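Visitor: when you get a sec, could you give me coordinates for this:
(one chain, ligands or ions: 2)
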Amino acid sequence: MKVVKFGGTSVASGQQIEKVFQIVTSDPERKIVVVSAPGKRFKEDIKVTDLLISCVEQYMNGEGKDVYQAVVKRYEEIAEYLGVARDVVDRISMDLLEVLHGDKSNPARFRDAVLASGEDNCAKLVAAYFQEMGVESSYVNPKEAGLFVTDEPGNAQVLPESYDNLRMLRDRSGILIFPGFFGYSEEGAVVTFSRGGSDITGSILANGAGAAVYENFTDVDSVYCVNPNIVAQPKAIHELTYREMRELSYAGFAVFHDEALIPAFRAGIPVVIKNTNNPSAPGTRILSERVNKNGPVTGIASDSGFCSIYVSKYLMNREVGFGRRLLHILEDHGLSYEHTPSGIDDISVILRQNQLDAETEAQIIERIQSELHADHVKVQRDLSMIMIVGEGMRQNVGTMAKASAALAQAGVNIEMINQGSSEVSMMFGVKAHDEQKAVQAIYGAFFTK
Ligand SMILES: Nc1ncnc2c1ncn2[C@@H]1O[C@H](COP(=O)(O)OP(=O)(O)O)[C@@H](O)[C@H]1O
Ligand SMILES: N[C@@H](CC(=O)OP(=O)(O)O)C(=O)O
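Guide: Residues are numbered from 1 along each chain as shown. Ligands and ions are numbered 1, 2, ... in the order given. Now for the predicted structure:
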């Protein structure tokens, strides 16, 4: 049995959902189908989830209804194209209106309820279409199926008991259409995963239901060794380990959510990334182990929006607890960090800069100076992190030298280097305006020579 997930681009229009139908019904093993909310139909289009975010703002501020109408229009157009009965869309528009008029006393909860409706309504529509096509199928609600999550709005994590509950899905007949992106807290509230989280739902279901494989359908033939929006027609990756993919997704490969690997990995279920628009292409397989047929580097990922807090103090190396006290200050301000490259007398803490407003920055600098007696504290904003990943890097000498030489040749100044302790990754920090140039230079050094 297979669990199959279709991303936003795969359910963006009636034409796309026809392809979904063909793909699902062409293989009797494809039994559990996870869908996202309708995504972009063309480059400048707006995803339904993004429309719903605007809807939340409009309804919180008591403004107009035009975004609500734009959301309903997306479902209307899909239903019309597919010939789905009008009352299905009427129900969708009434349900969404009810959510929008619901309790707003907890804005994060209200937001999650509205955002989750994007996938929930899409699953209802797809199930109705499959039924009209004469295929036994049903919409499955995550609460009824037992997908329970932590009560962290916009950032839920699956609760372990969900896996046993979801095993029961195996016994249901027909094709099950399951909305991605959200589950329910133990108190019964809708809570979403982080953005792109329908990938996570698919992986949880694959684990719970004991699937033989988790197929993730998107709009590219494979995972490429570099973001195709940065390098034109990059090399395709045919096989990756879970560890490589987790590092690459975490560092910027938006094609698959980094938190979606663990549930499949724990159950040893292979993940296959495939293209809805070209389903016969073999795609990319993500497995526990692979034969290393490529060079030391498997992929190069990058992401912007980071800042670093640089702290120096003479004899820092001898001061027991310095790092702990520094991180404790960040913890007090509710900040999470990504990396901590360090030297003898200095340490940098890298964070996502959207967490650090000017006021928090000033408070933190003041505390580091007064409580830790640092010699120097400096915050640098607008950094990008570039991650080079590959299982083959463990046995290879000179990867760092080759990458830094490529950056020097391209005129990119390296702000910091961190050799990942996992031994399969290394990271370079550069100024955000150098990100593309840096990725292209490293790609050139490892993949075109
Ligand atoms: N290394 C990569 N390989 C393939 N695609 C990538 C990579 N990095 C970024 N992407 C982008 O990820 C997109 C697919 O992810 P996403 O937009 O979330 O699709 P979906 O609608 O299926 O969820 C691709 O169209 C591509 O632009
Ligand atoms: N629709 C949600 C969840 C998701 O996974 O979407 P997509 O499959 O389009 O990445 C989002 O936009 O975040």
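Visitor: just checking, Lys274 touches Ala281?
Guide: Yes: using C-beta atoms under 8 Å, Lys274 is in contact with Ala281, at 7.0 Å. Where you see a C-beta, it was placed from the backbone N, CA and C, and this is true even at glycine.
Visitor: of those two, which one has the most company?
Guide: Using other C-beta atoms under 10 Å as the criterion, Lys274 and Ala281 rank with Lys274 on top: 23 against 13.
Visitor: which SS state does that one fall under?
Guide: strand (DSSP: H, G, I helix; E, B strand; the rest coil).
Visitor: near the nearest residue to it once chain neighbours are set aside, how many other residues are there?
Guide: Computed as C-beta to C-beta, 6 or more residues apart in numbering, the closest residue to Lys274 that is not its neighbour in sequence is Gly283, at 3.9 Å. Gly283 is flanked by 23 other residues according to other C-beta under 10 Å.
Visitor: so what's Gly283 up against?
Guide: Gly283 makes contacts with Asp221, Ser222, Val272, Ile273, Lys274, Asn275, as judged by C-beta atoms under 8 Å, 6 or more residues apart in numbering.
Visitor: possible to save those residues as a markdown table with distance to ligand 2 and pLDDT?
Guide: Formatted as a markdown table, those follow (distance: C-beta to the nearest ligand atom, whole Å; pLDDT from 0 to 100):
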| residue | distance to ligand 2 | pLDDT |
| --- | --- | --- |
| Asp221 | 17 | 96 |
| Ser222 | 17 | 95 |
| Val272 | 16 | 98 |
| Ile273 | 12 | 98 |
| Lys274 | 14 | 98 |
| Asn275 | 14 | 98 |
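Visitor: would you check which pair of these lies furthest apart?
Guide: Asp221 and Val272 (12.0 Å; C-beta to C-beta).
Visitor: could you find the closest non-adjacent residue to the closest residue to ligand 2 within the chain?
Guide: Nearest residue of the chain to ligand 2 (C-beta to the nearest ligand atom) works out as Gly8 at 2.5 Å. Distance criterion C-beta to C-beta, 6+ apart; nearest residue to Gly8, sequence neighbours excluded, is Gly39 at 2.2 Å.
Visitor: and that neighbour, how many neighbours?
Guide: Neighbours around Gly39, by other C-beta under 10 Å: 24.
Visitor: just Ala267 next, same as before
Guide: 16.
Visitor: show me the protein divided up by domain.
Guide: Using automatic domain parsing, the domain ranges for the chain come out as 2-219, 299-447.
Visitor: between the ones you listed, which one is nearest to Phe265?
Guide: Closest approach to Phe265 among the domains of the chain is made by domain 2-219 (8.6 Å; C-beta to C-beta).
Visitor: pull up the distance across the closest one, start to finish.
Guide: One end of domain 2-219 to the other measures 20 Å (C-alpha to C-alpha, to the nearest Å).
Visitor: then stretch 52-66?
Guide: Using C-alpha to C-alpha, the end-to-end distance of stretch 52-66 comes out at 11 Å.
Visitor: which residue ranges of the stretch 251-400 of the chain form helices?
Guide: 261-266, 322-332, 358-372, 399-409 (DSSP state H, counting those that start in this stretch).
Visitor: what about the closest residue to Leu351 other than its chain neighbours, how many neighbours?
Guide: Nearest non-adjacent residue to Leu351, counting by C-beta to C-beta, 6+ apart: Tyr337, 5.0 Å away. Using other C-beta under 10 Å, Tyr337 is surrounded by 17 other residues.
Visitor: enumerate the residues of the stretch 101-250 of the chain near ligand 1.
Guide: Gly196, Thr218, Asp219, Val220, Val223, Tyr224, Val226, Asn227, Pro228, Asn229 (C-beta under 6 Å from any ligand atom).
Visitor: SS state for the last one?
Guide: Assigned by three-state DSSP, the conformation of Asn229 is coil.
Visitor: distance of it from Val255?
Guide: Between Asn229 and Val255 the computed distance is 11 Å (C-beta to C-beta, to the nearest Å).
Visitor: next one: the first one
Guide: Here the distance between Gly196 and Val255 works out to 9 Å (C-beta to C-beta).
Visitor: how about the fifth one?
Guide: Relative to Val255, Val223 is positioned 6 Å away (C-beta to C-beta).
Visitor: need the strands for the stretch 151-300 of the chain, in chain order.
Guide: Applying DSSP state E, counting those that start in this stretch to the stretch 151-300 of the chain gives strands spanning 175-179, 182-184, 190-192, 213-218, 223-224, 236-237, 239-241, 271-275, 284-287, 299-312.
Visitor: swap in the stretch 1-150 of the chain?
Guide: 2-6, 30-35, 137-139.
Visitor: for the shortest one, buried residues please.
Guide: This means strand 137-139. Using 16 or more other C-beta atoms under 10 Å as the test for burial, strand 137-139 gives Ser137, Tyr139.
Visitor: run the chain-centre distance for it.
Guide: Strand 137-139 sits 26 Å away from the centroid of its parent chain (C-alpha atoms, centre = their mean, to the nearest Å).
Visitor: where in the stretch 201-350 of the chain is pLDDT low?
Guide: 292 (pLDDT under 70).
Visitor: if you set the cut-off to 90 instead, what comes out?
Guide: 254, 289-296, 317, 341-343 (pLDDT under 90).
Visitor: which residues does the closest residue to ligand 1 within the stretch 101-250 of the chain bridge with?
Guide: Closest residue of the stretch 101-250 of the chain to ligand 1, C-beta to the nearest ligand atom: Thr218 (3.2 Å). According to DSSP bridges, the residues that bridge with Thr218 are Asn275.
Visitor: in this structure it contacts Lys274, no?
Guide: Yes: Thr218 is within contact range of Lys274, at 7.5 Å (criterion: C-beta under 8 Å).
Visitor: got a list of what the closest residue to ligand 1 within the chain touches?
Guide: Scanning the chain for the residue nearest ligand 1 gives Gly7, at 2.1 Å (criterion: C-beta to the nearest ligand atom). Gly7 makes contact with Ser36, Gly39, Ser198, Asp199, Asn216, Phe217, Thr218, Asp219, according to C-beta under 8 Å, 6+ apart.
Visitor: how close does the spatially most central residue of the chain get to Lys2?
Guide: Centroid-nearest residue in the chain, with C-alpha atoms, centre = their mean: His257, separated by 2.9 Å. With distances taken as C-beta to C-beta, His257 is found 19 Å from Lys2.
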